[in-house]
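A.B. asks: Here you go, sequence then predicted model.
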Amino acid sequence: MKKWFFFSAVFLSFLDLESRAGVFETGAGYSYRQSSYNGGAYTRMKSWNATFGYFFTQDSEVEFVYSDSTTNEFVPNVQDIQYRDRVYSLNLVYHFFSESDPVRPYVRCGVGQLNRDATGTYTGGFSPAGRLDQVTVIGGLGVKAKIAGQFSIRAEATSFLTGGSISTWQDNFALSVGGTFYF
């Protein structure tokens, strides 16, 4: 954690700290994925997230994100497992281009707490580990497209880096779409 705070302080020191008092952002997103296989096997994932952020410069934001996802994995006579993941994270977000531009790409980095509950059974009556709690590093890329003065739609790709290792980016990767409201 000390390393995270050190790198955050260094990152902030390079930003142009033009005042943006009073600009808040709230948003929500949703993602759904389903894969069906031979013999009735399937994997289904539903995920939603909610964000609340504060712009401390024209391009930089600190945000809190809550993400909740459920994954079902079913293979007849092999496994019937359900995972529920909840991630609470605090992130720094940097937006490119001007806030008056119709499209604004952004990057996100932060730290979060993953809480996973697993239920179900494998062949032979075995069950997955019931609970997993761990700290995770968050990384992401996205784009916001302005629809109206105070509303944008967004699409983003986010990864929860297990143990902070960049080599695990594909293990917990999600794409989502949603909306953002500024006030």
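C.D. replies: Received, thanks. Numbers count the residues shown, from 1 in each chain.

A.B. asks: For the residue nearest to the spatial centre of the chain, report the pLDDT, please.
C.D. replies: With distances taken as Cα atoms, centre = their mean, residue 158 lies nearest the centre of the chain, 4.9 Å away. For residue 158, the model assigns a pLDDT of 89.

A.B. asks: contacting residues around it?
C.D. replies: 108, 138-140, 142, 173-174, 176 (Cβ atoms under 8 Å, 6 or more residues apart in numbering). Every C-beta, even on glycine, is put in place using the N, C-alpha and C of the backbone.

A.B. asks: could you pull out the strands for the chain?
C.D. replies: Under the criterion DSSP state E, the chain carries strands at the ranges 24-36, 42-55, 60-75, 79-95, 103-122, 131-148, 151-162, 173-182.

A.B. asks: Okay, and the beta partners of residue 24?
C.D. replies: For residue 24, the beta-bridge partners are residue 54 (DSSP bridges).

A.B. asks: Report the contact partners of it.
C.D. replies: Neighbour list for residue 24: 52-55, 182-183 [criterion: Cβ under 8 Å, 6+ apart].

A.B. asks: try it again with 7 Å
C.D. replies: 53-54, 183 (Cβ atoms under 7 Å, 6 or more residues apart in numbering).

A.B. asks: try residue 110
C.D. replies: Contacts for residue 110 (Cβ under 7 Å, 6+ apart) come out as 89-92, 138.

A.B. asks: Just flag the most distant two among the residues you listed.
C.D. replies: Spatially, the most separated pair among the contacts of residue 110 is 89 and 92, at 10.7 Å (Cβ to Cβ).

A.B. asks: correct me, but residue 61 touches residue 52?
C.D. replies: No: when contacts are counted by Cβ atoms under 7 Å, residue 61 is not listed as touching residue 52 (10.3 Å).

A.B. asks: sorry, back to before: quick one: the contacts of residue 158 as a markdown table, columns for pLDDT too.
C.D. replies: What follows is the contacts of residue 158, written out as a markdown table (pLDDT from 0 to 100):
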| residue | pLDDT |
| --- | --- |
| 108 | 94 |
| 138 | 91 |
| 139 | 91 |
| 140 | 93 |
| 142 | 96 |
| 173 | 80 |
| 174 | 81 |
| 176 | 87 |
